[in-house]
Each structure stands twice: as structure tokens, then as C-alpha cells.
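>>> Starting from these lines, generate the structure:
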Amino acid sequence: MFFSNDLPDSLVNILQGIVPSIPEFITALISLAILLIVVTWLMYKPIKKSIEDRKKYIHSNIANSQDRLLEAEKRNEDSKKELNESKDMGKKIVATSIREANEKSNKILIDARDKSHQIIDSAKNQAISEINLNREKIKHEAVDIAIELSEKLVHEKITSKKDKEIIDQFIKELEEDAIKK
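Next up is the predicted model:
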């Protein structure tokens, strides 16, 4: 066959067992080519299509994940904005409530002050009217006492004209004494 006669017979026997003859070699090559064509036709195209489909699926998932990530970041930013707006609104509400409470408390204090001044003024007016009323009572009692004393001193009834003069003079003296005190 292919081997030279220089090689020892034992090695030639081993090589003949390993290396096939030319017709066997060509038959093996043709069988391999047919097998490759059949496998390529039956298996390669479906496997390649499956690999391409898988790549498309992976790329679409990556794109979807990126879109979802961007959407989640946008929602996060929107949530932060809403949270900040809510905080600002809460601060405004608290400030407004405090201001309204201060205004109400000031109004209550002013109303209480006004009412207390009214009560004090009313009490003063009432005291003045009671003082005047008591002065009048005292004047009448003093006149009655003066008349009784003068009747006892004189032992006679004083006329109404004389009576009036004495009373007027007595009242003037009482008023002058009251002014001096």
C-alpha cells in the first residue's frame, strides 16, 4: 500500500491497521461529507435559527430591562418630587395652622381685654351710682337728723321756709366738708 518497504514489518502491520486503504479512505470522506451535508441541512439551520431566536430574546429582555429601569428611575424621581411637594404642603399647612391659631389666640385675648374693660367700667359706673345714691340717702338722713335736733333745741316747729334755708345751708356745709376730706 502506501508504506515503503524500509519500515519494519511490525510497524507496517500496526500502520495498516490504523490507516485505511485509499478506497476505504475515499469512502470514509464521502460518507463524512454526506453526513456533514445531512447534519447541516437537518441540524445546523434549526440550531442556528434557535441560537438567533435566543439572541433576539436576550436582547429584547435586556432592552425591556433597560426600559423598565428607566421607567423605575422616572417613577422614583416622580415619587421624590411628590414627597417633597407633600412635605412642602405639610409645612405650609402647619405654618398656616400656627398663624391662624396665633390670630385666634390674639383675638381671644383682645376680646377678653375688651370684656374686662367693659366689666371694670360697668363696675366703676355702678360704684359711682351707688356712691351718689348713698350720698343722697346720707343727705336726707342728715337733713332729718338736723331737723329733729333743731326742733329739740328750739322746741318748736320750724316753718317750711325756714326749714328749707337751714337744710340748704347744712347741705352746703356737708359738701364743703366732703370736698375738704
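>>> Could you measure from the residue nearest the centre of the chain over to residue 96?
In the chain, the residue lying closest to the centroid (Cα atoms, centre = their mean) is residue 90, at 2.8 Å. Using Cβ to Cβ, to the nearest Å, residue 90 is found at 11 Å from residue 96. No exception for glycine: its C-beta is placed from N, CA and C like everyone else's.
>>> How about residue 102?
11 Å.
>>> Repeat that for residue 25.
99 Å.
>>> what ranges of this structure fall below the confidence cut-off?
Applying pLDDT under 70 to the chain picks out residues 1-7, 9, 11-12, 15-17, 19-20, 148, 151-160, 162-163, 181.
>>> now for the lengthiest helix in it, which elements pack on it?
Longest helix in the chain, counting residues (DSSP state H): helix 45-154. In terms of contacts (3 or more Cβ pairs under 8 Å, 6 or more residues apart in numbering; DSSP states H and E), helix 45-154 is packed against helix 160-180.
>>> packing partners for the helix it packs on?
Counting by 3+ Cβ pairs under 8 Å, 6+ apart, helix 160-180 packs on helix 45-154.
>>> Tell me how far the helix it packs on lies from the chain's centre.
Distance, stretch centre to chain centre, for helix 45-154: 15 Å (Cα atoms, centre = their mean, to the nearest Å).
>>> Give the burial count for residue 166, as a bare number.
15 (other Cβ atoms under 10 Å).
>>> can you count the residues close to the closest residue to it other than its chain neighbours?
Residue nearest to residue 166 in three dimensions, not counting chain neighbours: residue 150, with 6.4 Å by Cβ to Cβ, 6 or more residues apart in numbering. By other Cβ under 10 Å, 18 other residues sit near residue 150.
>>> quick one: residue 150 from residue 161, how far?
14 Å.
>>> Quick check: which element contains residue 26?
In the assignment (DSSP states H and E), residue 26 maps to helix 22-39.
>>> what packs against that helix?
Short answer (3+ Cβ pairs under 8 Å, 6+ apart): helix 22-39 packs on no helix or strand.
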